[in-house]
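S.K.: The sequence and its predicted three-dimensional model are supplied below.
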Amino acid sequence: MCDIHAGELLLSFHRTDRVGERLVHMIRREEVSHVQWIENLEDKLHGLDLAVREDLQFRFVRVRVPEGEEQFKVNYLQFYYKAMTAGALLRRDLDPERHGDLLFNSGFHFQAVPNSVLSVTAGAAPGVGFNFSPYHTRYRTKLGWNAAQVGFGKKVMVLDTGVDPAFQQNILSRKNFVDPASPGNVDDDHGHGTAVASIIGDLCPTADFIIYKVADGNGRASEWDVLAALAADGPAEIVNISLAFGLQDTHCPRCGRESRSSRSAVFETLIHDLEEKDAGPLVVAAAGNKKDTSLAFPARFKDVVAIASINDAGDLSDFTNRSVTDHEGNPHQNVFVLPGGEKVANNNPSEYVGDSAAGHQFWGTSFSAAYASGLIAGLWSRPEHAGKDRQDMLKHLRNKADAGHPTYVASTHGNGLMRFA
């Protein structure tokens with residue numbers, strides 16, 4: 001399937017897991033058949049002059065396996081790990097009482113998954129450059145936006161296709177995860193990231209940006225690059241991920257198979273690890289544009305703020321995914337709706353948030369997520385919210401969301417329209 005990087009697996013294991021550490025050490029020494037070391041997160045980030053967050057509980061590694069044998073090697077490594085664990089128990093290297101989490105808590109287990117592709121969640125092929133449409137002003141009014149109410153600003157990380165060099169707001173850090181040979185070049189050769197950052201910046205002009213280019217000119221990112229960007233040590237308080245697992249087109253033009261948003265145990269491990277930290281960022285993700293009755297990943301993870309799209313009339317956009325169920329099948333507490341445009345027949349938008357220099361129009365849950373990130377950055381920066389942590393802010397957003405529109409129902413709209421209030 002073309003929605004994975006052929007011949008690559010991602011591994012994760014708890015930092016106290018000596019069996020996992022031993023297995024990875026064996027891979028690095030080429031002692032595991034047909035599994036070759038590529039790099040760990042420390043290696044990846046070191047090449048970008050970044051460091052891994054010191055408070056992460058898990059380690060992450062990328063390895064190479066024969067193409068076409070990805071799932072076979074996932075099973076092989078899981079079996080190898082279990083056999084090594086059994087041996088450690090017999091030798092009493094592992095004590096069930098002292099190492100209970102590693103043995104019995106699935107969240108601590110060694111994980112191996114294919115390196116998946118993520119795609120930008122834009123409705124149409126965008127272009128370089130960005131100009132707001134007349135709808136943007138109406139959308140801001142719907143959210144209760146008031147420029148005079150924005151305070152000192154927050155630090156917002158945008159994981160996307162980069163930004164246009166003409167982007168005017170303050171950028172604290174810029175790193176290119178796609179092309180390590182040009183680590184400081186985040187010029188946007190797609191257009192999606194510029195649109196996302198422009199919306200965030202317009203709603204919160206005082207925001208400081210961390211621009212990490214993780215997606216290429218085709219709007220595709222590798223799970224590994226997104227993981228590395230999320231794991232990098234830095235000051236981000238809000239992270240915008242207008243990306244979803246799988247291909248942007250439902251059916252792959254190369255192999256013809258259907259691509260759907262997949263659940264990655266390794267990605268889930270990192271997200272949960274981040275959200276357990278008091279100083280971890282608030283992660284905002286797009287619900288997806290495939291009109292599914294489930295949220296795309298990573299928005300479906302319960303620790304992520306999931307954003308679906310509405311149109312100017314306040315109704316759910318025709319294209320948006322719609323659900324309030326998280327990855328565990330429980331009610332997702334952090335689903336909101338924000339403007340993202342609308343489309344009519346033949347994929348043509350009847351509403352759009354802006355257009356490129358060439359006239360390509362931008363619509364989709366990508367931009368709904370950007371409105372959410374900009375709104376949160378602006379609202380969180382107000383003096384009355386100074387000192388509030390991530391959970392306090394989420395509680396405030398839920399309490400102030402507007403669910404009074406005639407078409408809003410909890411089963412699809414979650415908390416309702418996020419408001420600047």
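M.R.: Perfect, I can see it now.

S.K.: Tell me which other helices or strands the lengthiest helix in the chain touches.
M.R.: For the chain, the helix with the greatest residue count under DSSP state H is helix 70-90. Other elements packing on helix 70-90 under the criterion 3 or more Cβ pairs under 8 Å, 6 or more residues apart in numbering; DSSP states H and E are strand 4-14, helix 18-28, strand 111-120. For every residue, glycine as well, the C-beta is placed using N, CA and C.

S.K.: Spatially nearest residue to the residue nearest in space to the middle of the chain, not counting backbone neighbours?
M.R.: For the chain, the residue sitting closest to the mean C-alpha position, by Cα atoms, centre = their mean, is residue 241 at 3.8 Å. Ranked by Cβ to Cβ, 6 or more residues apart in numbering and with sequence neighbours excluded, the top spatial neighbour of residue 241 is residue 285, at 4.5 Å.

S.K.: Surely residue 175 forms part of a strand?
M.R.: Yes: under the criterion used here (DSSP: H, G, I helix; E, B strand; the rest coil), residue 175 sits inside a strand.

S.K.: burial of it, as a residue count?
M.R.: Neighbour count of residue 175, defined by other Cβ atoms under 10 Å: 25.

S.K.: does residue 325 have beta-bridge partners, and which?
M.R.: In this structure, residue 325 has the following beta-bridge partners (DSSP bridges): residue 331.

S.K.: follow-up on the earlier one: hmm, the residue nearest to residue 241 is touching residue 368, no?
M.R.: No: counting by Cβ atoms under 8 Å, residue 285 stays clear of residue 368, with 10.4 Å between them.

S.K.: which residues do the two both contact?
M.R.: When contacts are counted by Cβ atoms under 8 Å, 6 or more residues apart in numbering, residue 285 and residue 368 are jointly contacted by residue 307.

S.K.: Just list the residues touching residue 28, thanks.
M.R.: Residue 28 makes contact with residue 37, according to Cβ under 8 Å, 6+ apart.

S.K.: May I have the phi/psi pair for residue 188?
M.R.: The phi/psi pair for residue 188 (degrees, to the nearest 10) reads phi -80, psi 110.

S.K.: my bad, residue 378
M.R.: Backbone geometry at residue 378, expressed as degrees, to the nearest 10, gives phi -70, psi -40.

S.K.: State the pLDDT value of it.
M.R.: Note for residue 378: predicted pLDDT of 93.

S.K.: Grab the nearest non-local neighbour of it.
M.R.: residue 204 (3.9 Å).

S.K.: distance of the one you found from residue 114?
M.R.: In this view, residue 204 and residue 114 are 37 Å apart by Cβ to Cβ, to the nearest Å.

S.K.: between those two, who's got more neighbours?
M.R.: Relative neighbour count places residue 204 above the other of residue 204 and residue 114, with 27 against 23, counting by other Cβ under 10 Å.

S.K.: Tell me where this structure has helices.
M.R.: Chain-ordered helices for the chain, with DSSP H as the definition, fall at 18-28, 41-46, 70-90, 100-104, 134-142, 192-203, 223-231, 265-275, 365-380, 390-400, 410-413.

S.K.: Kindly reformat these as TSV containing distance to residue 215.
M.R.: Below are those laid out as TSV (distance: least, Cβ to Cβ, whole Å):
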stretch	distance to residue 215
helix 18-28	28
helix 41-46	16
helix 70-90	22
helix 100-104	35
helix 134-142	23
helix 192-203	7
helix 223-231	8
helix 265-275	15
helix 365-380	11
helix 390-400	25
helix 410-413	28
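
S.K.: So which of those is nearest residue 34?
M.R.: Closest approach to residue 34 among the helices of the chain (Cβ to Cβ): helix 70-90, 7.1 Å.

S.K.: what's the average pLDDT for stretch 44-52?
M.R.: Averaging pLDDT residue by residue across stretch 44-52 gives 96.

S.K.: In that stretch, which residues are buried?
M.R.: By neighbour count, and taking 16 or more other Cβ atoms under 10 Å as the criterion, the buried residues in stretch 44-52 are 44-45, 48, 50, 52.

S.K.: Identify the residues contacting that stretch?
M.R.: Stretch 44-52 is contacted from outside by 41-42, 62, 175-177, 180, 183, 224, 228, 231-234, using Cβ under 8 Å, 6+ apart.

S.K.: can you give me how far that stretch is from the chain middle?
M.R.: Computed by Cα atoms, centre = their mean, to the nearest Å, the chain-centroid distance of stretch 44-52 equals 19 Å.

S.K.: And stretch 170-187, by the same measure?
M.R.: 18 Å.

S.K.: and if you look at stretch 401-421?
M.R.: With Cα atoms, centre = their mean as the basis, the mean position of stretch 401-421 lies at 23 Å from the chain mean.

S.K.: Need the distance between the two termini of that stretch.
M.R.: End-to-end distance for stretch 401-421, by Cα to Cα, to the nearest Å: 8 Å.
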